[in-house]
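# Whatever this is, show me its structure:
(chains A and B)
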Amino acid sequence: MSENYQRTLPVIDDENRAFWHGGADGRLHLMRCQDCGYWLHPPGPVCPECLSDGVTIETVSGEATVEALTVNYKVWGAGMQVPYVIAIVELAEQKGLRLTTNIVGIDPDAVTIGMPVRVVFEQDEDVWLPLFEPRPA
Amino acid sequence: MANSGVVISGIGQSAVGKRLDRTAMGLTVDAVKDALANAGLTRDDIDGVSCYPGARPDMPHFGPIGANQLIDALRLKVNWYSSGLEGGAQLAAIINGYAAIKAGLSRHVLCFRTVKEGSGGASWKDAARARTERSRVWGEYQWQLPFNAISAMQWLAPYAKRHFHLYGTRREHLGAIAVNGRRNALLNPKRMYDKPLSLDDYLAMPFLSSPFCLLDCDAPTDASTVIILSSAEAAADLACAPIHIDSIGSALTTRPSWDQVDTPRMAAFDAGKMLWDRTDYKPGDVDVAQLYDGFSFLTLTWLEALGFCGEGESGAFVEGGARIALEGELPLNTNGGQLSAGRTHGFGFVHEAVTQLRGVGGDRQVKRDVKLAVAAAGGGPMAGCLLLARH
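Numbers count the residues shown, from 1 in each chain, chains lettered A, B, ... in the order given. Model (predicted):
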């Protein structure tokens, strides 16, 4: 038996730690400007809308909508299970606030653009990967 | 029309193929000699060098040779030189060279792109296949790779799916790009495939990452392509057929990101708008279009971004293939594109545009007086385009 394919995980640093470690409490953590309310992703030291330094970590609802997707069939390494869905989802909190992710808990061919989804975390070493599964609309 | 004062004086290209028995530097020197002869220049005339993406020891097949290595290998003496990956996609090297001439830093800039991908893949893909130790990703790709979104194919396939969803685009429309490229490549001695390709052949291929199959992906190759830029003044003394750079598109007004943008739009729309904002020509004036097909869908994007059709209308525009064929109203990717003539990575489109403008395309030469051509490269957050004119 070959081992399961291992994902390539991120190097954790001061800017991305809350995003990749935050799922330990079951919630998705993103940066938000405390002056204008803008959610920013990827994380950074300043609000790209109003240039305020007052950005801090908050949690989001974890609810999102599938904006675009592909079903991957190519085996990229030994032990990789296919097919799987790669999607760009838009988070409920703000138009244009998006993540690339995997849609899980559903037949890959059944995932559609516009489908309501919610975050579910998969722990891998010290990283909590935010994946998404279907949710009732 | 607009006279930028910068021309393409010479073009050159090495052999193109899989696992060529020639080093990356060998291929590069072949292309340089070809281009110098084509321009009527000697190496002593070259006072600028510009390269995409520069030497990339981390990705030796993708970026085997940089400006420094070429300058040293040929003992060039330059006033200005530059290599880099960030800019107007692969054409950033040509756009930078143009700027250097406009600024008066150089008179003759040698721009080049060398690839050895016909002999091996990008390093992280190699690593994914034959990994013994678990590695981690740093920087911008941390938002894709952990979700096993490993390749540009997987980053762009969702854009194509969304285009399908919004506009009714179908696999047949992607296939029209692949079939057109193959038909043209069969008239080009430098090609990656010898077999004809029908739309049925295309549709029979399984998905790699829906809606893309293998035939939507360009063919990795070993090749070097050189474009020599000259000031129009300096070129006037040469025995070359100068091609004028009429306009450039290098704008980026959308976020430089694969997923924080309103898919299926890409940076191509920014570059395309800038190109037409800086010229009196209109899309309808273009005689041939050489539009990046690293993935078939990118050609559809460029058709829309450059205004050859409306946004969302590219599928219908290419349907059946007659309009984009050599004898059609907008001959497209006349050398076969990267899908069938090899992934010369952007520079091949400029080489072919100049070839068509000079009327020396041989069996694949468009049978009309080709005076205006557009060459475009890039996908996702990278885009650059050139409007080229024969006066």
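
# what residues does stretch A:111-126 touch?
Stretch A:111-126 has contacts (Cβ atoms under 8 Å, 6 or more residues apart in numbering or on different chains) with A:6-7, A:9, A:12, A:20-21, A:23-24, A:26, A:28, A:62-69, A:71, A:85, A:87, A:89, A:103-105, A:128-137, B:161-162, B:165. Any C-beta I mention is one placed from the backbone N, CA and C, and that applies to glycine too.

# Tell me the residues of chain A that contact chain B?
By Cβ under 8 Å from any Cβ of the partner chain, the part of chain A that sits against chain B consists of A:5-11, A:13, A:16, A:41-42, A:67-74, A:76-78, A:80, A:84, A:86-88, A:96, A:98-102, A:113, A:127, A:129, A:131.

# Inside helices: which ones of the residues you listed?
Assigned to helices by DSSP state H, none of the residues of chain A next to chain B qualify.

# Can you select the buried ones among those for me in PyMOL?
Only the buried entries of those go into this PyMOL selection, using 16 or more other Cβ atoms under 10 Å in any protein chain shown:
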select buried, chain A and resi 5+6+7+8+9+10+16+41+42+67+68+69+70+71+72+74+76+77+80+84+86+87+88+98+99+100+101+102+113+127+129+131
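
# Restricted to strands, list the residues of chain A next to chain B.
A:9-10, A:67-72, A:84, A:86-88, A:98-102, A:127, A:129, A:131 (DSSP state E).

# which of the contacts of stretch A:111-126 count as buried?
The buried subset of those - by 16+ other Cβ under 10 Å - is A:6-7, A:9, A:12, A:20, A:23, A:28, A:62-69, A:71, A:85, A:87, A:89, A:103-104, A:128-132, A:134-135, B:161-162, B:165.

# in chain B, which spans are strands?
In chain B, the strands defined using DSSP E lie at B:6-13, B:48-51, B:80-83, B:108-116, B:136-137, B:207-209, B:212-213, B:222-231, B:243-249, B:288-291, B:372-377, B:384-389.

# Now the weakest link among these, please, by mean pLDDT.
Ranked by mean pLDDT, the strands of chain B end with strand B:136-137 at the bottom, a mean of 94.

# Other residues contacting it?
Contact partners of strand B:136-137, identified using Cβ under 8 Å, 6+ apart, comprise A:8, A:9, A:10, A:11, B:124, B:145, B:146.

# of all the residues you listed, which comes closest to residue B:359?
In terms of Cβ to Cβ, no member of the contacts of strand B:136-137 lies closer to residue B:359 than residue B:124, at 42.6 Å.

# So which residue is dead centre in chain B?
Nearest to the geometric centre of chain B sits residue B:346, at 1.6 Å (Cα atoms, centre = their mean).

# roughly how far apart are it and chain A?
Using Cβ to the nearest Cβ, to the nearest Å, residue B:346 is found at 24 Å from chain A.

# Which positions in the stretch 51-200 of chain B make contact with chain A?
B:124-125, B:128-129, B:131, B:134-138, B:140, B:142-151, B:154-155, B:157-162, B:165.

# repeat for the stretch 251-391 of chain B
Proximity of the stretch 251-391 of chain B to chain A, by Cβ under 8 Å from any Cβ, involves residues B:258, B:259, B:260, B:262, B:263, B:264.

# From residue B:248, how far out is the first one?
This points to residue B:258. Distance of residue B:258 to residue B:248, given as Cβ to Cβ, to the nearest Å: 24 Å.

# go on, the last one?
Residue B:264 sits 24 Å away from residue B:248, taking Cβ to Cβ as the criterion.

# hmm, which two among the residues of the stretch 251-391 of chain B next to chain A are most spread apart?
B:260 and B:264, at 14.0 Å, using Cβ to Cβ across these.

# So those two - more neighbours on which side?
A count of neighbours by other Cβ atoms under 10 Å in any protein chain shown puts residue B:264 above the other of residue B:260 and residue B:264, at 24 against 20.

# Next up, phi/psi of the more buried one, please.
phi -90, psi 10 (degrees, to the nearest 10).

# residue of the stretch 1-150 of chain B with the smallest distance to chain A?
Evaluated by Cβ to the nearest Cβ, the stretch 1-150 of chain B has residue B:142 as its residue closest to chain A, separated by 3.8 Å.

# Give me the neighbour count for that residue.
Counted with other Cβ under 10 Å, residue B:142 comes out at 21.

# Please name the nearest non-neighbouring residue to it.
residue A:10 (3.8 Å; Cβ to Cβ, 6 or more residues apart in numbering or on different chains).

# I'd say that neighbour and residue B:138 touch.
Yes: using Cβ atoms under 8 Å, residue A:10 is in contact with residue B:138, at 7.3 Å.

# Return the residues in contact with residue B:90.
B:52, B:53, B:113, B:345, B:346, B:347, B:377, B:378, B:382, B:384.

# Any stretches of chain A with poor pLDDT?
A:1-2 (pLDDT under 70).

# at 90 instead, please
Along chain A, the model assigns pLDDT under 90 to residues A:1-4, A:136-137.

# which residues does residue B:384 form a beta bridge with?
For residue B:384, the beta-bridge assignment (DSSP bridges) gives partners residue B:377.

# wait, isn't it in contact with residue B:247?
No: between residue B:384 and residue B:247 there is no contact under Cβ under 8 Å: 11.9 Å.

# if you count what's nearby, which of these two comes out ahead?
Comparing residue B:384 with residue B:247 by other Cβ under 10 Å, the one with more neighbours is residue B:384, at 30 against 22.

# Distance check, that one against residue B:71.
Per Cβ to Cβ, residue B:384 is found 23 Å from residue B:71.

# next one: residue B:326
Residue B:326 sits 39 Å away from residue B:71 when distances are taken as Cβ to Cβ.

# When the two are compared, which one has more neighbours?
residue B:326 (20 against 17).

# Next up, the contacts around residue A:18.
By Cβ under 8 Å, 6+ apart, residue A:18 lies in contact with A:29, A:31, A:43, A:57.

# List every C-alpha atom in stretch A:23-34, with coordinates, as CSV.
Taking Å, rounded to 0.1, in the frame of the first residue of the first chain, the C-alpha atoms of stretch A:23-34 are listed here in CSV:
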residue,chain,number,x,y,z
GLY,A,23,-9.1,26.8,12.8
ALA,A,24,-8.1,25.0,16.0
ASP,A,25,-11.2,26.5,17.6
GLY,A,26,-13.4,25.6,14.7
ARG,A,27,-13.6,29.1,13.4
LEU,A,28,-12.1,30.9,10.4
HIS,A,29,-9.9,33.8,11.3
LEU,A,30,-9.3,36.8,8.9
MET,A,31,-7.9,40.3,9.3
ARG,A,32,-10.3,43.2,9.5
CYS,A,33,-9.8,46.9,9.5
GLN,A,34,-11.2,48.4,12.8
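
# For it, give me every contacting residue.
So stretch A:23-34 is in contact with A:18-19, A:22, A:38-41, A:43-44, A:47, A:49-50, A:52, A:54-60, A:62, A:91, A:93, A:97, A:119, A:121, A:123, A:128-130, going by Cβ under 8 Å, 6+ apart.

# Any chance of a PyMOL selection covering the buried ones in those?
In PyMOL, this line selects whichever of the contacts of stretch A:23-34 come out buried by 16+ other Cβ under 10 Å:
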select buried, chain A and resi 18+19+22+38+39+40+41+43+47+55+60+62+91+93+97+119+121+128+129+130
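
# All set, thanks.
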